[in-house]
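Peer 1: Predicted model and sequence below, questions to follow.
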Amino acid sequence: MTANDETGKTCAGRGNAVELFSRRRLFGLLWPLVIEQLLSVLVGVVDIFMVAYVGEATVSGVSLVDSVNYLFIQVLFALTAGGTVVCARFVGARDHENAGKSGAQLTLVSVSGMLLVTAAFFVAGPQILGLLFGAVDGDVMENALVYLYFTVGSLPFMALFYSAASVFRAKGETRISMLAALFMNVINVVGNAICIFGLHMGVVGVALPTLLSRIAASLLMTWLVQRPSNDVRVRSVSQLKPDRRIIREILSIGVPNGVESGLFNLGKVMLQSLVATLGTASIAAYAVAGSLVTFLYLPGNALGAGLTTIVGQCVGAGRPLQAKSYTKKLLVLNYVMLAVLCTVMIAGVQMWTSLYNLSGQATDLAAQLVVAHSIAMLIWPPAFLLPYYFRATNRALFTMIVAVLTMGIFRVGLAYLFIMGLHLGLVWVWYAMFVDWTVRLIVYAVAFHRS
């Protein structure tokens, strides 16, 4: 029996009476994550809003590539979430040296992986996009290729950024990564405004500021994570020497999480490819609706990132009952925040969609999608917040299996049946997604109740 097992039993006997996270500490952990998610969403919305004034072909090209980029960003985020869990456990056990070393090992693994991805797209970018989106118009593909080369070049820098951020999040110092994200997004938005409206650079005006902002933010975070004033930090380049034990721990969570996220987002790319068969108006409407509804994901994504730290530290400190209790609290908080956001989204749907300068057909389609999605968010929290709990408690393989099966069978399978088989409209792509959410909710809720 390990010390943590012993501590866990002792704490369980006392009902884990001593709270590891006070309300004040929870608030201090969570509000920067919410702001960081909001910044990320706002930049995505502003990007689509700005590029919409270049034309629907440009919006469509950027949207197609962003669906591919999002796949790799989410894989990267999933991998670094594994590093956050490992680092948080060391923090909970007060082993600060290995906590910092886990951050260095995460940097080694994540940057190496993204360099391979970048190289692959520089060698075979046209072929990959042609395979995924070959049916789109020529001007859409032309814009997509230009945008692709700039954005995939930023992936290794995003790996640096997320790896450093994982160390601060594991400690509960989420304000630092929030401020770095603010710095990155300000550069991106200002750069977009100058390059699109001032220099009239078209799709390059969206892509170039994205690359430059990510480079700047990654360098800032790399410097911050090495500061001697940090009790948990990357102390030297020597910590980048591969440590099989720590890498194995990171990958035991990060690989299933990354596979889950990768296949999940590959499914989304397949759906984007399916939508591409419905015409440019549908592609644009799908892009705009997808941009708007990301606001609804904001609370859950932020709370999930916080839950990774909370449960990880609880596990490291041997307090399993508190891990489950905090998960329930964050679920309730997610519903409260969603009630406000979904009401605002539905009430102002015509105004939100009209901001994007689309055709009347595309605007109406986008509004229909947004309303359907806002109502369906009642299903979302247990389906997507509970997996953070399972991953932080060494059940990442379980969440991977559930996500891959439900994505393949319901979200992708039903969508192709609805569109290609039954020739139904665009909104049925999202109806298939809602079936996926429902099945996840049932499976995860039962597993959480039994844990």
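Peer 2: That came in fine, so what should we check first? Numbering: from 1, shown residues only.
Peer 1: Can you tell me the closest non-neighbouring residue to the one residue sitting closest to the centre of the chain?
Peer 2: Nearest to the mean C-alpha position of the chain, by Cα atoms, centre = their mean, lies residue 74 at 4.9 Å. Computed as Cβ to Cβ, 6 or more residues apart in numbering, the closest residue to residue 74 that is not its neighbour in sequence is residue 261, at 4.4 Å. Where you see a C-beta, it was placed from the backbone N, CA and C, and this is true even at glycine.
Peer 1: Run a quick neighbour tally on residue 367.
Peer 2: Applying other Cβ atoms under 10 Å, we find 21 residues neighbouring residue 367.
Peer 1: Sketch out the low-pLDDT regions of the chain for me.
Peer 2: 1-17, 41, 44-45, 48, 56, 134-136, 233, 235-236, 238 (pLDDT under 70).
Peer 1: can you rerun that using 50?
Peer 2: Along the chain, segments meeting pLDDT under 50 span 1-16.
Peer 1: Moving C-terminal from the host helix or strand of residue 72, which element do we reach first?
Peer 2: According to DSSP states H and E, residue 72 maps onto helix 56-92. Beyond helix 56-92 on the C-terminal side, the first helix or strand identified by DSSP H and E is helix 96-133.
Peer 1: That following helix packs against which elements?
Peer 2: helix 56-92, helix 138-152, helix 155-171, helix 244-276 (3 or more Cβ pairs under 8 Å, 6 or more residues apart in numbering; DSSP states H and E).
Peer 1: ok, the residue nearest to the centre of the chain to residue 333 distance?
Peer 2: Residue 74 sits 23 Å away from residue 333, going by Cβ to Cβ, to the nearest Å.
Peer 1: The nearest residue to residue 404 once chain neighbours are set aside: neighbour count?
Peer 2: Among residues not flanking residue 404 along the chain, residue 263 sits closest, at 5.1 Å (Cβ to Cβ, 6+ apart). Residue 263 has 18 neighbours, counted by other Cβ under 10 Å.
Peer 1: hmm, back to that, report the contact partners of the residue nearest to the centre of the chain.
Peer 2: Residue 74 makes contact with 261, 262, 264, 265, according to Cβ atoms under 8 Å, 6 or more residues apart in numbering.
Peer 1: Alpha carbons only: can I get stretch 93-108 in PDB?
Peer 2: Taking C-alpha atoms only, stretch 93-108 is exported to PDB below (Å, rounded to 0.1, in the frame of the first residue of the first chain):
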ATOM      1  CA  ALA A  93       2.400  15.500  -3.000                       C
ATOM      2  CA  ARG A  94       4.600  18.600  -2.600                       C
ATOM      3  CA  ASP A  95       7.300  17.200  -4.900                       C
ATOM      4  CA  HIS A  96       8.100  20.400  -6.700                       C
ATOM      5  CA  GLU A  97      11.300  19.300  -8.400                       C
ATOM      6  CA  ASN A  98       9.500  16.400 -10.300                       C
ATOM      7  CA  ALA A  99       6.600  18.700 -11.000                       C
ATOM      8  CA  GLY A 100       8.900  21.000 -12.900                       C
ATOM      9  CA  LYS A 101      10.600  18.200 -14.600                       C
ATOM     10  CA  SER A 102       7.300  16.800 -15.800                       C
ATOM     11  CA  GLY A 103       6.800  20.200 -17.500                       C
ATOM     12  CA  ALA A 104      10.100  19.900 -19.300                       C
ATOM     13  CA  GLN A 105       9.400  16.300 -20.400                       C
ATOM     14  CA  LEU A 106       6.000  17.500 -21.700                       C
ATOM     15  CA  THR A 107       7.700  20.200 -23.700                       C
ATOM     16  CA  LEU A 108      10.000  17.600 -25.300                       C
END
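Peer 1: what angle do the helix or strand harbouring residue 176 and helix 155-171 make?
Peer 2: If you go by DSSP H and E, residue 176 is part of helix 174-192. Counting by axes from the mean of the first three to the mean of the last three Cα atoms, to 10 degrees, helix 174-192 lies at 150 degrees to helix 155-171.
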